[in-house]
Every structure is written in C-alpha cells, then in structure tokens.
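Trainee: Pasting the sequence and the predicted model now:
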Amino acid sequence: MEFTPIIGLEVHVQLLTKSKLFCGCPNLFNPDNPNVQTCPVCIGLPGSLPVMNQEALRLSQKTAMALNLNLANFTKWDRKQYYYPDLPKAYQISQFDLPFSYDGWVEVTLPSSGETTKVRLIRAHLEEDAGKNMHDESGRGGDSKVDLNRTGTPLLEIVSEPDIRCAEEARVFLEELRLLLRYIEVSDCNMQEGSMRCDANVNLHVHEDGEKIPTPIVEVKNLNSFRGVEAAIEYEIKRQVKAWETDRKRIGDVPKETRGWDADRGQTFAQRGKEDAADYRYFPDPDLVPVTTTDEQLEAIRATLCVFPADRRKSYVNDLGLSEYDASVIVDQGREYADYFDEVTSVCGDGKQAANWLTQDVQRELNDRKIEIAEFSISAAVLGSVLQKIVKGDITIKSGREVFAELLKQSDDGTTVSAESVDAIIADKGLGKEQDTGKIDAAIQAVIDNERNAKAVEDVRGGKQQAVGPLIGQVMRELKGADAGSVRQMIIDKLTS
Amino acid sequence: MLSPEDVQKVATLARLKLSEEELEQIGQQLGGILDYVAVLDEVDVSEVEPMAHVADVSNAFRADETRPSLPREKSLSNAPKTDGKYFLVPQILENA
C-alpha cells in the first residue's frame, strides 16, 4: 500500500511574563502550592474584570516576527465557551477570527537526510491558559482536584499547516521552535513543566489507482516530550495504515477522533469522543477592548530581536568556515552558549579554533561538572585570550591545554581567573613558544651529538624519517614551548642537507 | 419560533435541563426575541465598518507587575467542596 502521512501540529507555549495575562497574580510554575496564585479574575468571580498585560502582547508579537508571521494592525479577543472545572468562568478568553498574527513559516533540516523543508504556520494567537485538573486514579470514582494557579497564564497557540510528512520532521520542527523561542527569550519551553505542549493531527493520503484518498483525521493530545511526539506519530501512522486496510474508512465517514498518548506503553488510546462537534459559540469579549498596533511600535519590537538560530548556523558556516555539524552543535546548545562562542571568536580571531575548543575541551568540562556554560568559571574573554596566543603562534596548542587546565585548577581553588592569569601561567610554566633559533639550534646539536642517539641519527641520515621522533622528543623536553613541527624540520634539514 | 430540537441543543450547551413543556414555551419566547432582533436585518450596513466593541476605545493595558494574590482559604471559601488545598469536583472524564 502506498501512502503519505499528513501531519499538522498545534503547539502551546507559556510566555515569560512576571504576571498573568489579565490580572496581577504571579506567573510561576508552582504545583506544590496549589491555589495560592489566584484572585477574583482567575477564579471568575462575578464583577471581576480582566485587563490585558502589555508585555504579554509584546512577547507575542516578538514571537510572531521570529516565526515569519504577518502581524495584524487590529486584533481583538473572543470568548470560547465550554464547561470544564479548570476554567471557572465557563469560557476561555482567546482569539477567533482576528488573531494578532497569521501566515508564517519555520525552516527545519532533517538530520537523517539533510533535507531542508519549510513548515508553514496558519496563525499564532494569544489566549489564557486553564488551571490543572488531577483525577482520582484509583478507579473508585473519587473527586477530581482542581488547582487554579495556572489559570490565566499567557499562552500562545501556534498552529502549523499539515505540511509535516514524518514523525522525525515533527520532532525537529518542535525542537527548532523551542530553540528559537528560547533564543528570543519569550518562553522557557519546558515540556516537563508544561510551558510547551503539543497536539498532533495525523491522517494518511492513501494512493490507490491514481487516486489520493484522505483517511479520517485523528488528534493526538498531550504530547509532553520530544520523544513522545515522535513516537506517538510513528505509532499513529502504523495504526492508521492497519485501520485503512481493515475498514477502509475515509475522511468524513466518522467524526474526528481524539486519542491520548500512553508513554509507558508506547501506544495511543481512544478517548471518549464528543457526541456533537464542539460548539464554542465564540463572540467578542465585551470586557476587553480591541488592540491596534502601529508600524512604528512593531519596528521597536523588531529592534529587540537577536540573530535567529538558523541564521547563526549559516553565518558560522559561511563567515567562519565551520562545518555544518559544528555550527549546529554550537547553536543548538542555546543562546548563551552561542554568545560565549561569539565572544571567544571575536577575541581570538579564529572561529574554527574557538569551535574546536568549545566542542571539545569546554564541552567535556561542562559534561563532567554537569553545569551550563553560564556557570563555567573560565569566561569567554579569558578563553579567547588563551586561543589568541595560539592563533598568533605565541604558544602551542599543547601549551594552551596546559594553561586551560591550570586556569580550571586556579578557579576551582577559588581564584577568579582573568587574562592576566593567562600571562602569569605562561610565564610561570615557561610555556612561551621558543622563538630563539640559536637556542633551538644548540639544543638540537646537543641531542645529535649525544652518543646514545648515534643509531637514530644514522637512520635519519639514511632516509628513515620515522626515526626522527625520539630526537624531537628530547629537544622538546629541553626546550619547553618549542614548536614540534619546526623542530622536526630543523633536525631533518641538519642531518640530510 | 425555535424548534424544540434547537432549544434542546442550546440548553445542553448551557447545561440546562428543560422539560418538554419548557422546550416548547422557551422556543416560542426565543423565537419572538429573534424575530424582534431580525428587524435590524433591514438596515443597510454595506458602508459600515464591523464593530468589535461598543465602546469606542482601544488599547487598554496594564504594566506587567504582580500584585498579591488571595490567600488560599479565601480563594477556596466559596467552593462547594475542598480539601483545604484544592477545589474538589465530581469525577471528570477527559473529553466527557
């Protein structure tokens, strides 16, 4: 059977504001202290009035710009009516026909094939999050618990076109979205804490006798990890292939189905379907006035954007000569990491050298110490000054590693290391590259003249260049900081010319 | 008048339980209201901008500043049932 999976994602992200969307309650993840971040607005008490948080709108518009969405100059908020205990007002303030942004795209590159695709976005709109229900798992029908701390948290809903064609693409799309939103500092996108959540709409286009037959659409809800998104979609595609082979149901033959994802079993499961199609009876919220935005205001927001991850990768490859792999490794670690890399590069003047150190020496330390780059004791300026000396030829890479180790040791002992520490370590350990050719020449001559080396010297004279190794080693021991490559050349020149 | 089926649908959405008699009676009342409002259909609005709000006001914002929330016991004080930490509601099934 020939088929194409058709996948669209609906992603919800909470915005990093201090207060909630419509009231002054703190916007904090606080599951251990239920119902301490509520007020008459959150609880939906009669007479309470919502007032829009300007920062939430600003962060939303900033996000829209990063997602290549068009921004509306006029937008409004609507009531979406439904009964559920996590929403005491019995309606959610959301956006219906005039969202603040529409028609965008995110570019993603699939690791498996290297193929780059554009996933189009239908819209992003701003709404309030609901509270959290906890169900009695005992099966005895006990009460459900409701925590309204989360109620009213500013929530951005980002809806993609059904442009995604495989589970991997869905995961990569989500990862790129998360990276981007974290770079522009609008959300922490923590899937475990629920500040990023994802639903997937999945169906198949079956190709049969030159016909393209769409199968019923299934919405898989509450995917709360990147692996979960990928695994649930993979499972769902296989399940739908089997379903088609057994019942041959097409889109429209049955109502849209909602399924949950059981991460432990690795299966999606049917949730009790709604008898009627949802009827939310949207209407403009009379408690909130519309919002108009001028082009000047939007330009001011645009000015606060940083260089996006995708552009950063491209510039590392094109301008600094990094491999695509290294560029991705650095960019994907997050903005602080890439900023650190940028500073090291600008101090030492060599992006490749900076990339090598960051992806190897620095990364190893971060892994060993289980810390983030922000907590690393060697600042970008200090590491940059070490690498600058390597780039200028003042010290060898090997000596650079010694300086790096010593810097770590000193900072572990409580010293704040600086560029001066670098100079002091080089001087103390005598790591400065030996530039005095007379001195090098004398050291080489002493080694050649040493009786013990008579055989090696003969071998090199006879053309056996591999015999030169031990001789170089002896010279290097004599002269700390000499460049092994040039010592080698000088020995060979001396013995064979 | 509004058909009993339509009234039943609206009643279900509003979580109201109506008797056969009430469905009939309210159907007539709602029908009367809709007919009355339908007078507005006669107005030519082809040249009028759609209105998003009755007040001619836009851009009412507040700064992103926190204010003290209610103490938990106050938040829970009107709830029919609590355990002192959570609101308690009869068991809910996802998507029920």
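Mentor: Cool, the structure landed. This structure is a prediction, so every number in the text was calculated from the model and none was measured.
Trainee: Chain B against chain A: which residues are in contact?
Mentor: Contact residues, chain B versus chain A (C-beta under 8 Å from any C-beta of the partner chain): B:9, B:13, B:15, B:52-55, B:57-67, B:69-72, B:75-76, B:78, B:81, B:83, B:85-96. To be clear about C-beta, it is placed using only N, CA and C from the backbone, and glycine gets the same treatment.
Trainee: any low-confidence regions in chain A?
Mentor: A:272-277, A:434-436, A:480-481, A:497 (pLDDT under 70).
Trainee: what are the ranges of the strands in chain B?
Mentor: Counting by DSSP state E, chain B has strands at residues B:61-62, B:87-89.
Trainee: Give me the residue at the spatial middle of chain B.
Mentor: residue B:14 (7.5 Å; C-alpha atoms, centre = their mean).
Trainee: Of the residues of chain B next to chain A, just the buried ones, ChimeraX syntax please.
Mentor: Only the buried entries of those go into this ChimeraX selection, using 16 or more other C-beta atoms under 10 Å in any protein chain shown:
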select /B:52,53,62,64,66,69,70,72,75,76,86,87,88,89,92
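Trainee: okay if I get the strands of chain B as CSV plus mean pLDDT?
Mentor: CSV is the format used below for those (pLDDT from 0 to 100):
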stretch, mean pLDDT
strand B:61-62, 97
strand B:87-89, 95
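Trainee: would you list the ones you listed in JSON lines and tack on distance to residue A:158?
Mentor: Compiled in JSON lines, these are given as follows (distance: least, C-beta to C-beta, whole Å):
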{"stretch": "strand B:61-62", "distance to residue A:158": "23"}
{"stretch": "strand B:87-89", "distance to residue A:158": "30"}
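Trainee: So for residue B:35, which of the ones you listed sits nearest?
Mentor: In terms of C-beta to C-beta, the element of these nearest to residue B:35 is strand B:87-89, at 39.6 Å.
Trainee: mind checking how far residue A:237 is from chain B?
Mentor: For residue A:237, the distance to chain B (C-beta to the nearest C-beta, to the nearest Å) stands at 23 Å.
Trainee: Confirm that that residue sits in a helix.
Mentor: Yes. Counting by DSSP: H, G, I helix; E, B strand; the rest coil, residue A:237 is part of a helix.
Trainee: Quick check: it touching residue A:167?
Mentor: Yes. Assessed by C-beta atoms under 8 Å, residue A:237 is found in contact with residue A:167 at 7.1 Å.
Trainee: With neighbour numbers in mind, choose between the two.
Mentor: Taking other C-beta atoms under 10 Å in any protein chain shown, residue A:237 and residue A:167 do not tie; residue A:167 has more neighbours (21 against 18).
Trainee: list the contacts for that one?
Mentor: A:5, A:7, A:229, A:230, A:231, A:233, A:234, A:237 (C-beta atoms under 8 Å, 6 or more residues apart in numbering or on different chains).
Trainee: now it, nearest residue through space, not along the chain?
Mentor: What sits nearest to residue A:167 in space, not counting adjacent residues and going by C-beta to C-beta, 6 or more residues apart in numbering or on different chains, is residue A:233, at 3.9 Å.
Trainee: Off-centre distance for whichever helix or strand the one you found is part of?
Mentor: For residue A:233, the element it lies in under DSSP states H and E is helix A:226-247. Taking C-alpha atoms, centre = their mean, to the nearest Å, one finds helix A:226-247 lying 26 Å from the centre of the chain it belongs to.
Trainee: List of residues touching it?
Mentor: In contact with helix A:226-247 (C-beta under 8 Å, 6+ apart) are residues A:1, A:3, A:5, A:7, A:9, A:166-168, A:170-171, A:174-175, A:191, A:198, A:200, A:202-204, A:206, A:215, A:218, A:220, A:223, A:249, A:259, A:261, A:263, A:266-268.
Trainee: Buried only: go through these for me.
Mentor: A:3, A:5, A:7, A:9, A:166-168, A:170-171, A:174, A:191, A:198, A:200, A:202-204, A:206, A:215, A:218, A:220, A:223, A:259, A:261, A:268.
Trainee: which ones among these are found in helices?
Mentor: A:167, A:168, A:170, A:171, A:174 (DSSP state H).
Trainee: Out of the residues you listed, which comes closest to residue A:493?
Mentor: Nearest to residue A:493 among those, with distances taken as C-beta to C-beta, is residue A:168, at 55.7 Å.
Trainee: in terms of contact, does that closest one touch residue A:115 like I think?
Mentor: No. Judged on C-beta under 8 Å, residue A:168 makes no contact with residue A:115 at a distance of 10.4 Å.
Trainee: Please name the bridge partners of residue A:10.
Mentor: residue A:159, residue A:199 (DSSP bridges).
Trainee: State which one residue of chain B is found closest to chain A.
Mentor: Distance from chain A to each residue of chain B (C-beta to the nearest C-beta) is smallest for residue B:67, at 3.1 Å.
Trainee: Contact partners for that residue?
Mentor: Residue B:67 touches A:19, A:23, A:24, A:25, A:39, counting by C-beta under 8 Å, 6+ apart.
Trainee: likewise residue B:55?
Mentor: residue A:289.
Trainee: check contacts around residue A:339.
Mentor: So residue A:339 contacts residue A:380 (C-beta under 8 Å, 6+ apart).
Trainee: Roughly how far does it sit from chain B?
Mentor: 25 Å.
Trainee: can you pull the buried residues of the one helix or strand that residue maps to?
Mentor: Residue A:339 is part of helix A:335-348 when elements are defined by DSSP H and E. Judged by neighbour count (16+ other C-beta under 10 Å), helix A:335-348 contains these buried residues: A:335, A:337, A:338, A:339, A:340, A:341, A:342, A:343, A:344, A:345, A:347, A:348.
Trainee: so residue A:82 makes contact with residue A:94?
Mentor: No. Residue A:82 lies out of contact with residue A:94 (C-beta under 8 Å); the separation is 10.7 Å.
Trainee: all helices for the stretch 1-150 of chain A, in order.
Mentor: A:40-43, A:54-66 (DSSP state H, counting those that start in this stretch).
Trainee: nearest to residue B:5, of these?
Mentor: helix A:40-43 (35.3 Å).
Trainee: can you pull the buried residues of that closest one?
Mentor: Within helix A:40-43, the residues scored as buried using 16+ other C-beta under 10 Å are A:41, A:42, A:43.
Trainee: what's it in contact with?
Mentor: Applying C-beta under 8 Å, 6+ apart, the external contacts of helix A:40-43 come out as A:20, A:22-23, A:25, A:47-50, A:88, A:148, A:151-152, B:69-70, B:75.
Trainee: For that helix, what is the distance to the chain centroid?
Mentor: On the basis of C-alpha atoms, centre = their mean, helix A:40-43 sits 35 Å off its chain's mean C-alpha point.
Trainee: All set, thanks.
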